[in-house]
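S.K.: Quick one, fold the following:
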Amino acid sequence: MPKILVTFALRQEGVPFERRLTQRTGTGEMIVGRLDSCEVGITWLGMCLRDHKKFNGIVTKFQPGIVINSGFAGAVRTLLEPGDFLLGENFSSPGLLSRLRTEQIFDASGVFECVEKVAEPPTKMRIGARANIVAVDLESAAFAAICTKRSVPFVTARMVSDRYDESIPRIFLGQGPARTKDIFDAVWFGSRMIQLRHRLADRLKALIDAGSKCLD
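M.R.: Residues are numbered from 1 along each chain as shown. Down below sits the predicted model:
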């Protein structure tokens, strides 16, 4: 049976996808279940993937044939919109890239830039001025380095949460509201993210269908 491990930075990013799995079992570190004929594990890396030992331990225990680094990313290209599903070319195994490019799963592909903190619009615009960079996130570089060292095939596939000219509301960054508008911004952004998480679950299902074929 094909085994695929899906990682998110935070558990809430993947809750709708987690609910797609049947026969779910697990602990605080990982959920394991079935998606059609594929055995799927889900784990949470934490923002910036600081706990390398935990991730290495999960890969050792689960022994996946493919690892999918998913969740959300900030767009740096002007034409990308929230809900677009992106393939991170520089943080994916070359062998998987050549096969996945033929699938009608992704809205765009290109280079991801890994940053140390959530990027504000000026930072995203500056990064976007460089050729072929499509998005920024916090974990993909560390994720790819670990998978490469372990010789595990991997792919980075993330959904746009915020446009190049948008900021993440303060409340979502663990900061208190500075003005009433911050509360309204957080409610609006939270409502959008609820919809995007379900869309992400749909795209991940399609990606796993394609990925399981790579393991046959």
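
S.K.: Summarise which helices and strands the strand ranked longest in the chain is packed against.
M.R.: Assignment by DSSP state E gives strand 154-162 as the longest strand of the chain. Strand 154-162 makes packing contacts with strand 66-69, strand 72-75, strand 85-88, helix 94-100, strand 133-137, helix 140-150, helix 180-215 when contacts are defined by 3 or more CB pairs under 8 Å, 6 or more residues apart in numbering; DSSP states H and E. For every residue, glycine as well, the C-beta is placed using N, CA and C.

S.K.: Which residue lies nearest the spatial centre of the protein?
M.R.: Nearest to the geometric centre of the chain sits S70, at 1.9 Å (CA atoms, centre = their mean).

S.K.: Got the confidence number for that one?
M.R.: On the pLDDT scale, S70 is placed at 98.

S.K.: show me the contacts for it.
M.R.: Shown in contact with S70 (CB atoms under 8 Å, 6 or more residues apart in numbering): 6-8, 13-14, 156-159, 200, 204.

S.K.: Just put the residues you listed in CSV and tack on neighbour count.
M.R.: Below are those laid out as CSV (neighbours: other CB atoms under 10 Å):
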residue, neighbour count
V6, 26
T7, 26
F8, 25
E13, 22
G14, 24
T156, 30
A157, 25
R158, 29
M159, 23
L200, 25
L204, 27
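
S.K.: Among the residues you listed, which one lies nearest to P64?
M.R.: Nearest to P64 among the contacts of S70 is V6, at 9.1 Å by CB to CB.

S.K.: if we look at the sheet, which residues does that closest one bridge to?
M.R.: I42, I68 (DSSP bridges).

S.K.: Do I have it right that it meets L45?
M.R.: No - applying CB atoms under 8 Å as the test, V6 and L45 come out as separate, 10.8 Å apart.

S.K.: Listing request: residues of the chain with sub-threshold pLDDT.
M.R.: 1, 214-216 (pLDDT under 70).

S.K.: buried stuff in stretch 99-116?
M.R.: Neighbour counts over stretch 99-116 (16 or more other CB atoms under 10 Å) mark 100, 105-107, 109-115 as buried.

S.K.: for R126, phi and psi?
M.R.: Backbone torsions for R126, taken as degrees, to the nearest 10, come to phi -70, psi -40.

S.K.: Likewise for the one 5 residues further on?
M.R.: Dihedral pair for A131: phi -60, psi 130, per degrees, to the nearest 10.

S.K.: just P169 next, same as before
M.R.: Dihedral pair for P169: phi -50, psi 140, per degrees, to the nearest 10.

S.K.: Also compute the angle for the longest strand of the chain relative to helix 140-150, please.
M.R.: 170 degrees (axes from the mean of the first three to the mean of the last three CA atoms, to 10 degrees).

S.K.: and the angle from strand 154-162 to helix 180-215?
M.R.: 160 degrees.

S.K.: Mind listing the strands strand 154-162 pairs with, and their directions?
M.R.: strand 66-69 (parallel), strand 72-75 (parallel), strand 85-88 (antiparallel).
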